[in-house]
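Visitor: model the following, please.
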Amino acid sequence: MSGYTDIRAGGWVARLPEAWRPYALLMRLDRPIGSWLLVLPGFWAFAMAAPSWGRGLWLAALFGLGAVLMRGAGCVVNDLWDRDLDRQVERTAGRPLASGMVTPKQALAFLLVLLAVSFLILIQLPWAAILLGVLSLVPIVLYPLAKRVTDWPQAVLGLVFSWAAPTGYAAATGGLDAAAFALWAAGFFWILGYDTIYAHQDREDDALVGIRSTALKFGERTRPFLAACYAVTLALLLLAGVLAGLSWWFAPALLLPAALLARQVVRLDIRDPALCLRLFKANRDVGLAVAAAFLIGRL
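Guide: Numbers count the residues shown, from 1 in each chain. Alright, predicted model coming up:
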């Protein structure tokens, strides 16, 4: 594979049976950062509201497996929508559907398997969480369309990737309250920020093929936009902690994720796609630091 790409066909993926490798790449198993970012808002919910350590760890395990499967399903949907466009973008031309390693019919069959196994995990949860999990399919399907009709596809992805927050909260408590909605909103603005960084990898190719994004919309003004997104994220996280009745220790514990987010704003260089990818991936540590802050707030 020549040119700039974030596909990692080597490593453990290369040791899989040859027939399995395209499907592993299709669901992005070579790049686990997406699964981390999908599940982390759920971890926030468990850290903030799980009734016991045992229940929290059990839910974290279920959501972790579910995140890998649903992230994979979302990638299949995305690549089915985008296979013709992906062939025209350097970073994505090697994807299994775009390159012909997997046919659309094979991808649809694989998608049904991923959704079936995901549903078996989902039905282990309370009814409120099951309903939210089923509803998440709507923005998952709509996201690939959004980049064709709006400058804000990152906002649609924000809904998708923050969905684990209310679903996790409902799984932990049986319902939703003001703290859950504040947590959901915090996740949304966090994702809106970091996915704008991610979109800068493809900014020039996207402009040529007609894909729209907040990276293209804001361009040189991305840094203040990113700072605003992350400031709102931190304010909403603080509000969620207050609404959940956490101890005052929660506020100083948020200083670590705040510093990690500020570092992204300072270091951002929209002309360096490799740096944009590294800053995007750094959000795994941000999300873990937020979860730790919620746990500290329950001491």
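Visitor: can you map out the helices along the stretch 1-150 of the chain?
Guide: 21-26, 33-49, 53-86, 96-99, 104-122, 127-135, 137-149 (DSSP state H, counting those that start in this stretch).
Visitor: quick one: buried residues of the helix or strand following the last one?
Guide: Toward the C-terminus, helix 137-149 is succeeded by helix 153-162 as the next helix or strand (DSSP states H and E). By 16 or more other C-beta atoms under 10 Å, the buried positions in helix 153-162 come out as Pro153, Gln154, Ala155, Val156, Leu157, Gly158, Leu159, Val160, Phe161, Ser162. Glycine gets a C-beta too; all of them are placed from N, C-alpha and C.
Visitor: same question, stretch 218-235
Guide: Buried-residue list, stretch 218-235, by 16+ other C-beta under 10 Å: Phe218, Thr222, Phe225, Leu226, Ala227, Cys229, Tyr230, Ala231, Val232, Thr233, Leu234.
Visitor: please tell me how far Ala289 sits from Ala240.
Guide: To Ala240, Ala289 is 15 Å away according to C-beta to C-beta, to the nearest Å.
Visitor: which residues are contacting the helix or strand of the chain with the lowest mean pLDDT?
Guide: Within the chain, no helix or strand scores below helix 203-209, which has a mean of 79 by mean pLDDT, DSSP states H and E. Here helix 203-209 makes contact (C-beta atoms under 8 Å, 6 or more residues apart in numbering) with 85, 88-91, 147, 199, 211-213, 215-216, 219, 270.
Visitor: 7 Å instead, please
Guide: Here helix 203-209 makes contact (C-beta atoms under 7 Å, 6 or more residues apart in numbering) with Leu85, Gln88, Val89, Glu90, Ser213, Ala215, Leu216.
Visitor: same thing with stretch 129-137?
Guide: Residues outside stretch 129-137 that contact it (C-beta under 7 Å, 6+ apart) are Leu122, Ile123, Val160, Trp163, Pro166, Thr167, Ala170, Ala171.
Visitor: from these, which would you call buried?
Guide: Neighbour-count burial (16+ other C-beta under 10 Å) is assigned, among the contacts of stretch 129-137, to Leu122, Val160, Trp163, Pro166, Thr167, Ala170, Ala171.
Visitor: make TSV out of those residues and add distance to Trp20 and pLDDT.
Guide: Shown next, in TSV, are the buried ones among the contacts of stretch 129-137 (distance: C-beta to C-beta, whole Å; pLDDT from 0 to 100):
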residue	distance to Trp20	pLDDT
Leu122	25	95
Val160	26	91
Trp163	28	96
Pro166	34	97
Thr167	29	97
Ala170	34	97
Ala171	31	97
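Visitor: quick check, nearest of the residues you listed to Arg21?
Guide: Closest approach between the buried ones among the contacts of stretch 129-137 and Arg21, by C-beta to C-beta: Val160, at 26.2 Å.
Visitor: the closest one against Ile140, yeah?
Guide: Yes. Contact between Val160 and Ile140 holds when scored by C-beta atoms under 7 Å: they sit 5.6 Å apart.
Visitor: can you pull the residues that touch both of the two?
Guide: Residues within reach of Val160 and of Ile140 at once, by C-beta under 7 Å, 6+ apart, are Gly74.
Visitor: give the helix, strand or coil label for the most far-flung residue of the chain relative to its centre.
Guide: Distance from the C-alpha centroid of the chain peaks at Trp248, with 29.0 Å (C-alpha atoms, centre = their mean). What DSSP: H, G, I helix; E, B strand; the rest coil gives for Trp248 is coil.
Visitor: read off the pLDDT value for it.
Guide: Looking at Trp248, its pLDDT stands at 95.
Visitor: and what of Ser136?
Guide: 89.
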